[in-house]
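In: pasting the structure only:
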């Protein structure tokens with residue numbers, strides 16, 4: 001038995017309203033409403049293996065916060081592990097935008113990078 005899932009694409013500012021038809025095993029059968037290929041890829045990923053960019057802060061050595069984010073998306077089911085590592089991390093003063101704070105966070109192969117200068 002198939003199931004219809006409605007999604008709003010977040011890949012670009014267009015925000016296409018898409019309908020995804022899923023098969024009984026959760027596989028994507030069809031996608032409609034997308035204006036480009038990126039929307040089809042997004043909807044397939046979102047329905048079969050959702051991923052997210054994580055943004056947060058780490059502590060600097062003096063206790064003040066430093067804005068960070070993952071360098072790319074991580075599996076949604078790993079977000080709590082990613083946040084646990086971010087919460088334990090301490091960055092050095094003098095950190096620059098783009099500096100790697102944590103490599104291979106939670107075994108995802110993705111780095112956590114600074115998004116501000118300290």
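Out: The structure has been received and is ready for your questions. The structure displayed is predicted, hence computed values, not measured ones.

In: What sits closest to residue 102 if chain neighbours are left out?
Out: Spatially, and ignoring its direct neighbours in sequence, residue 102 is nearest to residue 112 (4.1 Å; Cβ to Cβ, 6 or more residues apart in numbering). C-betas here are computed from N, CA, C, even on glycine.

In: State the pLDDT value of the one you found.
Out: With respect to pLDDT, residue 112 has a value of 98.

In: Let me see the ranges of the helices in the protein.
Out: Ranges of helices within the chain are 37-48, 79-88, based on DSSP state H.

In: Return the most buried member of these.
Out: The highest mean neighbour count among these, using mean count of other Cβ atoms under 10 Å, belongs to helix 37-48: a mean of 17.

In: for that helix, packing partners?
Out: strand 3-8, strand 17-22, strand 28-32 (3 or more Cβ pairs under 8 Å, 6 or more residues apart in numbering; DSSP states H and E).

In: Can you give me the buried ones in the first one?
Out: Using 16 or more other Cβ atoms under 10 Å as the test for burial, strand 3-8 gives residue 7.

In: center of this structure - which residue?
Out: Note on the chain: the residue nearest the mean C-alpha position is residue 52, at 1.8 Å, using Cα atoms, centre = their mean.

In: What is the neighbour count of the closest residue to residue 50 other than its chain neighbours?
Out: Spatially, and ignoring its direct neighbours in sequence, residue 50 is nearest to residue 76 (4.3 Å; Cβ to Cβ, 6+ apart). Residue 76: 12 surrounding residues under other Cβ atoms under 10 Å.
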